[in-house]
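1. From the sequence below, what's the structure:
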Amino acid sequence: MTHTKWLRQTKPSLTLDGKLMLAELELIIGKTVFTKSSRKYKLEDIRNIGVIAHIDAGKTTTTERMLYFSGRIYKIGTVDEGTATMDWMPEEQERGITITAAATTVNWNNKKINVIDTPGHVDFTVEVERSLKVLDGCVVVFCGVGGVEPQTETVWRQADRYEVPRLIFINKLDRVGSDFFAVIDQAHHRLTKHIAAIQIPFGKEENFKGNIDLVSGQLITYTDELGSNLDISPIPEDLQAEYVHHRNILIEKLAEVDDHIMAKFAHSEPVSNEEIKTAIRSSVIKSKFIPALCGSSLRNKGIQLLLDAVCDYLPSPLDIPAIKGLEPKSGEYEERLANDRSPMCGLCFKIATDPYVGRLNYVRIYSGILKSGTYIYNATQRCRERVSKIVQMHANKQEIVEELVTGDIGAIVGLKETRSGDTLCDESAPIILESIHFPEPVISMAIEPKSKVDQDRLGMSLKKLEEEDPSLRVTYNSETGETIISGMGQLHLEIAINRLLREFNVGAEVGRPQVAYKETITKKVSSVGKFIQQTGGRGQYGHVVIEMSPAENKGTGITFIDKIRSGAIPKEFISSVKNGIFRSSKSGCLSGFPVTDVDVKLVDGSYHEVDSSEIAFQMAAAIAFTEGMKKAAPVLLEPIMDVEVMTPFEYMGQVISDLNSRRGKVISLGQRGNVRTIRADVPLAELFEYANSLRSLTQGRASYTMEPSYYQEVPSNIREKIVSVSVARF
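-> Down below sits the predicted model:
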């Protein structure tokens, strides 16, 4: 829909000498129309970025320094002492890790930078997922000692999925064992070849003093501990050879992705600093090139240059493609241009509960203006919502604002029905943006209230936690009478339980964590389901014939295909058949675990003109699916984790032997500095309390990380134990 057509449909009546008074138009029948904004920053001067990395790479410390050097805070907090601004939750301060993504805003070089600091632990990867969905760029922090770690690869793939332009900041270069160029090398092998340094470190480990800027040809050193005083000077004679060598590498990498630089490079013509800068920016915006910077956040070195690079190279909302979505009625794709005069369009990407104001819906505005006190349309849920209040977030602190304009990230108070991934827009110009992908839980545990009072609180509190965190699932097992919470890992569930006890004052007891097994089939079968009841009056009649086969693509869940021809089953009952199959797939025939990776084709059936109903066909489909599962040689699947263990050389034998005893399969062995790395695929069921075992084996000198990798069939002897336990419980 064009803007002219949209404006004509709203039929504004306020005029002055036949001209539309754009400055005065506020609300017309509850719909926001071309409202003049009090914009402080031009769109080209806005940067929406995230800070992403593996756990302990220094994301929060880097963000803290950004806040300090930009003047947003006046005292530097630390993660170890629990005083970091962005780690505001009690659990974050106690554990020294980031658990939830926190948003803030800084100003640098007359540009507004909206920053989201994300968690690095794999259990909270959903926070990275939904943040990257709405960001225009990101800073990937690498540890100068650890290099490219497992979760770094995970967040990198997430950024690839959303085509988010990025910079690399190699941190902790003041530490013993740090190696800037070794990390670049690792990144080339594990991530992408299109990475090149635009700065190189001056000094190494404890002698790290500053940066050699390959773009400007300057040496930047830090003359005080706070890193506030920068000494900028020409590159000394003894560093010239190193500077020229790495600058040439930078130009070669740019020549691979930029035609102008390629022409200069091919003809051996000199390339100016401005040409390099222009080529870097255009290539970063197209996600064809990733510049690498260096520093030490804890020692306050390299942060100002990182902020400069964010402003110089990462895109503004105008530099990225216009957001696309579906028009609900026509089902056709539409675009929303990034400007204040387009119809309002935004995506709710996160929900948080504040003890004082209640529910906060974090929103990214892609077009138009959202004003406080107005109504907006939730196109996903198809309902109107009132915007009671709008706030800009600074970690857990809120600053009330009157409006959010194109390119802004803020939070809305007052929305009742909106969930994470919902599209908010103008009711007269509806659009549905692509929602957010949330991963499936891999671990579960039972929880029950301690008293009758706690029972009511528990249900409400779990609902709030589930709204905040879509990777946390709450289900009720009617056969055992248990409430089951499922999440991404043991730490994820621990944090959820702690929040129930601390924030919501719920007394609860929990069981031992259980693995989220799944069931599937191994052969193709045909199955018939009939549901016939006669009670004297109108009866029930449903008859379906389905074909079930293992899915070709793993991880697709249940796929339903309608192959009915000649009206054997009326169209109005097809959706009931589909619902019956999906409901039946929630509980398999082996142990009652959810069924996955099955293609179901509805091929035949019959109906009765009087007795057939939606419920009859739903029941018939459920019967057919259950019977088909029994005939299709069902198997049990278990989640396999990608585990990386870092251990001193002398303990390698014991660690590998222990992994083998846990049904692990060693994939690769490597070396990182003076530490050996072991990468293995290990069933999640064998990894409970692994941290304690590893500490005992290595005298506390080894560490490990793990992340979900894939599902695999459970060996028959293990399966029999799992099935017998499940039968005993039921």
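2. E627: which element?
-> helix 614-631 (DSSP states H and E).
3. Identify the residues contacting that helix?
-> 519, 521, 525-531, 533, 540-546, 548, 569, 572-573, 576-581, 583-585, 588-589, 595, 600, 605, 607 (C-beta atoms under 8 Å, 6 or more residues apart in numbering). Heads up, the C-betas are built off the backbone N, CA and C, glycines and all.
4. buried ones in that helix?
-> The neighbour-count check on helix 614-631 (16 or more other C-beta atoms under 10 Å) flags 616-629 as buried.
5. mind giving me a markdown table with those residues and columns for distance to T556 and pLDDT?
-> Compiled in a markdown table, the buried residues of helix 614-631 are given as follows (distance: C-beta to C-beta, whole Å; pLDDT from 0 to 100):
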| residue | distance to T556 | pLDDT |
| --- | --- | --- |
| A616 | 29 | 91 |
| F617 | 24 | 92 |
| Q618 | 23 | 93 |
| M619 | 26 | 93 |
| A620 | 24 | 93 |
| A621 | 19 | 93 |
| A622 | 21 | 93 |
| I623 | 24 | 93 |
| A624 | 20 | 94 |
| F625 | 16 | 94 |
| T626 | 21 | 92 |
| E627 | 22 | 93 |
| G628 | 18 | 93 |
| M629 | 17 | 93 |
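6. so which of the residues you listed would you say is closest to D185?
-> Set against D185, the nearest of those by C-beta to C-beta is M629 (50.0 Å).
7. how close does that closest one get to D123?
-> 32 Å (C-beta to C-beta, to the nearest Å).
8. Equivalent analysis for I443, please.
-> Counting by C-beta to C-beta, the gap from I443 to D123 is 9 Å.
9. Touching both of these two, which residues are there?
-> Joint contacts of I443 and D123 (C-beta under 8 Å, 6+ apart) are 487-490, 492.
10. and the contacts of helix 614-631, which of them are in strands?
-> Judged by DSSP state E, strands contain the following of those: 519, 525-531, 533, 540-546, 548, 600, 605.
11. I'd like the distance from stretch 324-337 to the chain centre, please.
-> Stretch 324-337 sits 24 Å away from the centroid of its parent chain (C-alpha atoms, centre = their mean, to the nearest Å).
12. hmm, which of the ones in strands among the contacts of helix 614-631 are the buried ones?
-> For these, a burial check counting by 16+ other C-beta under 10 Å picks out 519, 525-527, 529-531, 540-546, 548, 600, 605.
13. was I right about D658 contacting S693?
-> Yes. D658 is within contact range of S693, at 6.6 Å (criterion: C-beta atoms under 8 Å).
14. who's in contact with the nearest residue to K329 once chain neighbours are set aside?
-> Once flanking residues are discounted, K329 sits nearest to P430: 7.8 Å by C-beta to C-beta, 6 or more residues apart in numbering. Residues in contact with P430 (C-beta under 8 Å, 6+ apart) are 327-329, 377, 379.
15. returning to that earlier point: following element in sequence after the helix holding E627, please.
-> Following helix 614-631 toward the C-terminus (DSSP H and E): strand 635-647.
16. and A616, how far is that from S585?
-> Taken as C-beta to C-beta, the span from A616 to S585 is 19 Å.
17. now do L167
-> L167 sits 44 Å away from S585, going by C-beta to C-beta.
18. Ok, G144 next?
-> From G144 to S585 the distance is 48 Å (C-beta to C-beta).
19. between the helix holding E627 and strand 525-533, what angle do the directions make?
-> Here the directions of helix 614-631 and strand 525-533 differ by 140 degrees (axes from the mean of the first three to the mean of the last three C-alpha atoms, to 10 degrees).
20. quick one: helix 614-631 to chain centroid distance?
-> On C-alpha atoms, centre = their mean, the centre of helix 614-631 falls 36 Å from the chain's centre.
21. and if you look at stretch 701-713?
-> 19 Å.
22. okay, which residue is most central for this structure?
-> Centroid-nearest residue in the chain, with C-alpha atoms, centre = their mean: E129, separated by 0.9 Å.
23. which element is the residue nearest to that residue when sequence neighbours are not counted on?
-> Leaving aside its chain neighbours, E129 sits nearest to Q158 (5.9 Å; criterion: C-beta to C-beta, 6+ apart). Here Q158 sits within helix 150-161, counting by DSSP H and E.
24. That helix - contacts with which helices or strands?
-> strand 46-53, helix 125-134, strand 137-143, strand 703-713 (3 or more C-beta pairs under 8 Å, 6 or more residues apart in numbering; DSSP states H and E).
25. Which one of the ones you listed lies nearest to P439?
-> helix 125-134 (6.3 Å).
26. is it fair to say I116 lies in a strand?
-> Yes. The assignment for I116 by DSSP: H, G, I helix; E, B strand; the rest coil puts it in a strand.
27. For beta bridges, what are the partners of it?
-> Beta-bridge pairing for I116 (DSSP bridges): G50, A103.
28. Pretty sure it sits against S131.
-> Yes. Using C-beta under 8 Å, I116 is in contact with S131, at 4.7 Å.
29. who's more crowded, those two?
-> Neighbour count, other C-beta atoms under 10 Å: between I116 and S131, S131 has more, with 32 against 28.
30. distance of that one from I52?
-> Distance, S131 to I52, by C-beta to C-beta: 8 Å.
31. Give me the common contacts of those two.
-> T118.
32. What's the local residue count around the closest residue to S388 other than its chain neighbours?
-> The shortest distance from S388 to any non-neighbouring residue, by C-beta to C-beta, 6+ apart, is to G414 (2.9 Å). Applying other C-beta under 10 Å, we find 18 residues neighbouring G414.
33. Any idea how many residues pack against N107?
-> 14.
34. Helix or strand for it, just tell me which one.
-> strand 102-108.
35. list the helices and strands that strand packs on?
-> Packing partners of strand 102-108 (3+ C-beta pairs under 8 Å, 6+ apart): helix 59-69, strand 111-117, helix 303-313, strand 389-394.
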